[in-house]
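A.B. asks: Structure for this input, please:
(2 chains)
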Amino acid sequence: MSRPAHNQQHRVVLDCNLWIKLHTKRDWDLAGRILQGDYQIILTSYMVVEILRALKRLARKLSIAYPELESLFWDFCSHPSILMAFEQPFGESLIAETIRLPEYRIIGRLLDLEVKDVPYLVAAFQHKAILVSENIRSLVAKRQGIQTALNIDIKTSEELLRL
Amino acid sequence: MTTPQDTVVWTIKVDKKIDDTVQHLLKQLGYKSKAELTREAIREFLIRRKLFSLLGGEPMPPITPRYAATDALNILIAQLQGISEADLEQEVREARSEVAKELLDEPEN
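C.D. replies: Okay, here's the model as predicted:
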């Protein structure tokens, strides 16, 4: 299948639940669209920590080796559609991302969000990306206010697929 | 906003050589005070420590992938297929809470 021209490619930030869904759901349309290059997926160091922590917990639950899952995750991230928005060493990038905790708290309080959702908002803002989430009680429910305050477009995966 | 009740005062004795280095760094990096530099250095140290406790080490993207991205995704899906939707949701929720608690100092829900 041909890859869309670069200017048609939507920049996207996926929330942690969607990253894990991507790793567990067979024949999901979103995975197919990512693999065919329809989106550029932004991946920050904070997101990596959440995803790897979830994979670590799943490995324990299923009694499988975590290093194998981690290695497969990184191999998947080598796809040209995935933009790893950090430089090695990884720890330096994580520090730069999370040291601004007071600002994250203020943003969270202003938008009535949990602080853990703020790194995703910041990534979407920095990279002019659509934030994709299935969290209908938080990000999706509050998207109108977020759009007004920060001009960040929040969509569900179904809505993204319809673009 | 921090109140006087939220803070404690540290008095730390350091040797002259460290003091000279810190004085030099204040000018070079634009810190307003030694206290500001010290607080930021400690926070960086804590983030590193917490990253290690969360993942057992610093994640390192491989220079050369073992599998093509599509193959890696298919293997991941096959490896994780035994998990139920409910368990999946719970594990992701717990993982996010743990990371937030460690890295963002946010209490678990």
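A.B. asks: residue ranges for the strands of chain A, please.
C.D. replies: Here chain A has its strands, by DSSP state E, at A:10-14, A:39-43, A:82-84, A:130-132, A:154-155.
A.B. asks: Reformat the ones you listed into CSV and put mean neighbour count next to each item.
C.D. replies: C-beta here means a position set from N, CA and C on the backbone, and glycine is covered the same way. Listed next are the strands of chain A as CSV, based on neighbours: other Cβ atoms under 10 Å in any protein chain shown:
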stretch, mean neighbour count
strand A:10-14, 23
strand A:39-43, 21
strand A:82-84, 17
strand A:130-132, 24
strand A:154-155, 21
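A.B. asks: how about a markdown table for these, with mean pLDDT and distance to B:Glu58 added?
C.D. replies: Below are those laid out as a markdown table (pLDDT from 0 to 100; distance: least, Cβ to Cβ, whole Å):
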| stretch | mean pLDDT | distance to B:Glu58 |
| --- | --- | --- |
| strand A:10-14 | 96 | 23 |
| strand A:39-43 | 97 | 16 |
| strand A:82-84 | 94 | 15 |
| strand A:130-132 | 97 | 27 |
| strand A:154-155 | 96 | 31 |
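A.B. asks: Minimum distance to chain B: which of these has it?
C.D. replies: The closest of those to chain B is strand A:82-84. By Cβ to the nearest Cβ, the value is 6.8 Å.
A.B. asks: what's the nearest residue to the residue nearest to the spatial centre of chain B if we skip its chain neighbours?
C.D. replies: With distances taken as Cα atoms, centre = their mean, B:Ile47 lies nearest the centre of chain B, 3.2 Å away. Leaving aside its chain neighbours, B:Ile47 sits nearest to A:Ile95 (5.1 Å; criterion: Cβ to Cβ, 6 or more residues apart in numbering or on different chains).
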